[in-house]
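*Asks:* Below are the sequence and a predicted model; questions follow.
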Amino acid sequence: MRNGKKYMKLTAVGAAVLALTLAGCGSNGTTTTAAAPASGTAKQTQTVAAKPPVVHLYMDIMTGKMINKKGWPMISPADFKVPAGATIDLTIRNFDDGTAALPQDAAKYAKVAGTNNNNEKVNGKEITSLNPKDVSHTITFTQLGINIPIPVTSTTEVTFKAPDKPGTYAWQCLAPCGTGKTGMQGPMVTNGYMVGNMTVQ
């Protein structure tokens, strides 16, 4: 009988632990905690919203030569999905060693905008802008006021916040690195190359 009592005690403890574990697992991203009821009062519960997640994204910038399509650089992946309100840590590896100097009327795209502290890390060094002549590519969300200038052959790290409102937000490279007289044709207007979408869910 002693062994039976011990088994019953362990089973009761195990059930209590399981119940606490399941109580903390909500499918809607919220945690519910029960407040200890005062004498003679009804039990109260408090719902606390979960913090938005941190999402780590990685992009590669490849040259047309790397993908066997001359004059067609590609940022991959061009399309991605993130939760609404998420903090996005984005790492961009640029394998392109060519610049696409920004014209005078687009020089503002050499400045970092819309990121944490309006800066980015390039090869581990924090910067707030590039010389317009040294820009290789940009990832620019015009609708969101986010601009990430990218120098040649580099690793750029940047953090920004996804919108709270679900929807599709387009980005585009605004450095003239494509085909045509202005360098703004071909990959510059083709989704999956220098144009893409962030879907916020």
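*Replies:* Received it, and whenever you're ready, just let me know what you need. Residues are numbered from 1 along each chain as shown.

*Asks:* so where do the helices sit in this structure?
*Replies:* 2-23 (DSSP state H).

*Asks:* Sketch out the strands for it, chain order is fine.
*Replies:* 30-35, 44-49, 54-62, 74-76, 79-82, 87-94, 120-122, 125-127, 135-141, 146-151, 154-161, 167-172, 195-200 (DSSP state E).

*Asks:* Bridging across strands, which residues link to the residue most central in space within the chain?
*Replies:* The residue lying closest to the centre of the chain (CA atoms, centre = their mean) is I88, at 3.0 Å. Here I88 shows beta-bridge partners V55, F160, assigned using DSSP bridges.

*Asks:* how about it, what does it touch?
*Replies:* Shown in contact with I88 (CB atoms under 8 Å, 6 or more residues apart in numbering): V54, V55, L57, V82, T159, F160, K161, A162. Every residue, glycine included, has its C-beta placed from N, CA and C.

*Asks:* Of all the strands of the chain, which one comes closest to M184?
*Replies:* Comparison of the strands of the chain against M184 by CB to CB identifies strand 167-172 as nearest, at 9.8 Å.

*Asks:* average pLDDT for the closest one?
*Replies:* Mean pLDDT, strand 167-172: 98.

*Asks:* List the buried residues in it.
*Replies:* Using 16 or more other CB atoms under 10 Å as the test for burial, strand 167-172 gives Y169, W171, Q172.

*Asks:* again, but for stretch 152-166
*Replies:* V152, S154, T156, V158, F160, K161, A162, P163.

*Asks:* which residues does the fifth one contact?
*Replies:* With contact set as CB under 8 Å, 6+ apart, F160 has these partners: T87, I88, L90, G114, T115, N116, I146.

*Asks:* What's the separation between it and M74?
*Replies:* Distance, F160 to M74, by CB to CB, to the nearest Å: 22 Å.

*Asks:* Thank you kindly, that will do.
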